[in-house]
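A.B. asks: Would you be able to build a 3D model of this:
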Amino acid sequence: MTGPGWLGAGLVALLLAVALLGDSISGYAFDEQDTAAALQAPSAAHWLGTDALGRDVGARLAEGGRVS
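C.D. replies: Alright, predicted model coming up:
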């Protein structure tokens, strides 16, 4: 396999790992609401930030990867 092939295989493996381990990686449930943390910017606590209901965007993306 060539360099780009290994890179592509690595990216697919990374996406698969995030989809399978989503809740344990982010530390938040995808449907857990915390209105005090609504619309936060990305930080160490929420790597991709939070939405209007205070849900962790990273956990929600990982759950979407599981569904797809």
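
A.B. asks: quick one, helices of this protein?
C.D. replies: Applying DSSP state H to the chain gives helices spanning 3-20, 22-26, 57-67.

A.B. asks: Out of these, which is closest to Trp47?
C.D. replies: helix 57-67 (4.9 Å; Cβ to Cβ). No exception for glycine: its C-beta is placed from N, CA and C like everyone else's.

A.B. asks: show me what contacts Leu15?
C.D. replies: Gly65 (Cβ atoms under 8 Å, 6 or more residues apart in numbering).

A.B. asks: want to throw the helices of the chain into a markdown table with distance to Ala37 and mean pLDDT?
C.D. replies: Formatted as a markdown table, the helices of the chain follow (distance: least, Cβ to Cβ, whole Å; pLDDT from 0 to 100):
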| stretch | distance to Ala37 | mean pLDDT |
| --- | --- | --- |
| helix 3-20 | 21 | 94 |
| helix 22-26 | 13 | 81 |
| helix 57-67 | 11 | 91 |
